[in-house]
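Novice: dropping a prediction and its sequence here:
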Amino acid sequence: MSDFSQEDQPPSTRRAMRYGLELFLFYFLLYAGFILLNLFAPDYIAEGFVPPDSDRGIDLHGLNLALVYGLLLILIAIFLAFYHLRRCPPSAGPKTPGRAGG
C-alpha cells in the first residue's frame with residue numbers, strides 16, 4: 001500500500017485541496033448556524049425575522065426563516081462548487097486515444 005501525502009501531489013493540486021477545505025469550513029459554519037438556530041431557537045426560526053408585536057423587521061412574504069435559510073444553504077453550496085471549479089480548474093491529465101466506433 002502506498003501512503004497518501006501532500007508531498008506526492010503537484011503544487012496546483014495542493015492549492016486546490018487547501019482552497020476546497022477553506023470553502024468547506026466556511027460552508028460548515030453556515031450550516032452549523034442553521035443547526036444551532038433549529039436547536040436553540042425553534043420558535044424564532046419558525047416565525048422569521050419579524051419580532052412579535054412589531055411592524056419592524058424583514059418581510060419574507062409568508063415564508064419562515066427555516067425555509068429561506070435552507071434554500072440559501074443549497075444555493076450557496078452550488079455557488080461555492082462553481083466558484084471552486086472556476087478558481088481551481090481540473091488538470092487535463094493524460095490523454096487517452098479514443099476508440100473508433102464501428
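Specialist: Everything's here; your move.
Novice: show me where pLDDT drops low in the protein?
Specialist: Applying pLDDT under 70 to the chain flags the ranges 1-9, 48-60, 92-102.
Novice: pull out the buried residues from the longest helix seen in it.
Specialist: Scanning the chain for the longest helix, with DSSP state H as the assignment, gives helix 11-40. By neighbour count on 16 or more other Cβ atoms under 10 Å, the buried set for helix 11-40 is 16, 23, 27, 34, 38. In short, each C-beta sits where N, CA and C put it, glycine included.
Novice: who touches the closest residue in space to the second one that isn't next to it in sequence in this structure?
Specialist: Translated: residue 23. Once flanking residues are discounted, residue 23 sits nearest to residue 80: 5.0 Å by Cβ to Cβ, 6 or more residues apart in numbering. Listed by Cβ atoms under 8 Å, 6 or more residues apart in numbering, the contact set of residue 80 reads 23, 26-27.
Novice: buried residues, the helix or strand harbouring residue 80. List them.
Specialist: Following DSSP states H and E, one finds residue 80 within helix 65-87. For helix 65-87, the neighbour count (16+ other Cβ under 10 Å) marks 65-66, 68-69, 80, 84 as buried.
Novice: that helix vs helix 11-40, what angle?
Specialist: 180 degrees (axes from the mean of the first three to the mean of the last three Cα atoms, to 10 degrees).
Novice: and the residue nearest to residue 23, how far from residue 88?
Specialist: Counting by Cβ to Cβ, to the nearest Å, the gap from residue 80 to residue 88 is 12 Å.
Novice: same check on residue 31?
Specialist: Residue 31 is 22 Å from residue 88, by Cβ to Cβ.
Novice: before we move on, what about residue 12?
Specialist: Counting by Cβ to Cβ, the gap from residue 12 to residue 88 is 7 Å.
Novice: cool, and residue 25?
Specialist: 16 Å.
Novice: then residue 70?
Specialist: For residue 70, the distance to residue 88 - Cβ to Cβ - is 27 Å.
Novice: do the same with residue 35
Specialist: 28 Å.
Novice: and if you look at residue 17?
Specialist: 9 Å.
Novice: equivalent analysis for residue 79, please.
Specialist: In this view, residue 79 and residue 88 are 15 Å apart by Cβ to Cβ.
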